[in-house]
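**Student:** Fold the following, please.
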Amino acid sequence: QVQLVESGGGLVQAGGSLRLSCTASGSIFRLNVMGWYRQAPGKQRDLVARITSGGSTDYADSVKGRFTISRDNAKNTVYLEMNSLKPEDTAVYYCKRDAYVREGVVYARDDWGQGTQVTVSS
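**Tutor:** Numbers count the residues shown, from 1 in each chain. Below you'll find the predicted structure:
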């Protein structure tokens, strides 16, 4: 069973930075497609950024140029570096294993972490 543990959230002023971490256990991490999602109060949970097993990345338009997703397979960890934070970035941020890839076949998964709160004050 895959377990995902996020850390790094907190309170920051607008314009500041935070780095979120998500450490995985129970899987072959280098095969995983990992995503960061966020959910603000009263809103749906949306994809923020995704990184494939090969290191390709994808971002929501609202965070392009400000957020960077990366991974360290040796540490079984995916990161989300968040810069130039805005009050509208306030949300609970979740790490998710979207899929794993084995021998060219993509297997969709729905494994979530517990979430970490990010609050950006104006």
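
**Student:** CA only for contacts and neighbour counts going forward, please
**Tutor:** Fine.

**Student:** now do the same end-to-end measure for stretch 24-42.
**Tutor:** Criterion C-alpha to C-alpha, to the nearest Å; first-to-last residue distance in stretch 24-42 is 28 Å.

**Student:** Any chance you could list what contacts that stretch?
**Tutor:** With contact meaning C-alpha atoms under 8 Å, 6 or more residues apart in numbering, stretch 24-42 is reached by 1-5, 45-53, 73, 76-78, 80, 90-102.

**Student:** Show me which positions of it end up buried.
**Tutor:** Buried residues in stretch 24-42, counted by 16 or more other C-alpha atoms under 10 Å: 24, 29-40.

**Student:** Can you redo those as TSV, where the extra columns are pLDDT, secondary structure and distance to residue 13?
**Tutor:** As requested, those are exported to TSV (pLDDT from 0 to 100; DSSP: H, G, I helix; E, B strand; the rest coil; distance: C-alpha to C-alpha, whole Å):
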residue	pLDDT	secondary structure	distance to residue 13
24	96	strand	29
29	93	helix	33
30	93	helix	34
31	92	helix	36
32	94	strand	33
33	97	strand	31
34	97	strand	27
35	98	strand	25
36	98	strand	21
37	98	strand	21
38	98	strand	18
39	98	strand	19
40	97	coil	17
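
**Student:** Can you tell me the SS state at residue 85?
**Tutor:** Three-state assignment for residue 85 (DSSP: H, G, I helix; E, B strand; the rest coil): coil.
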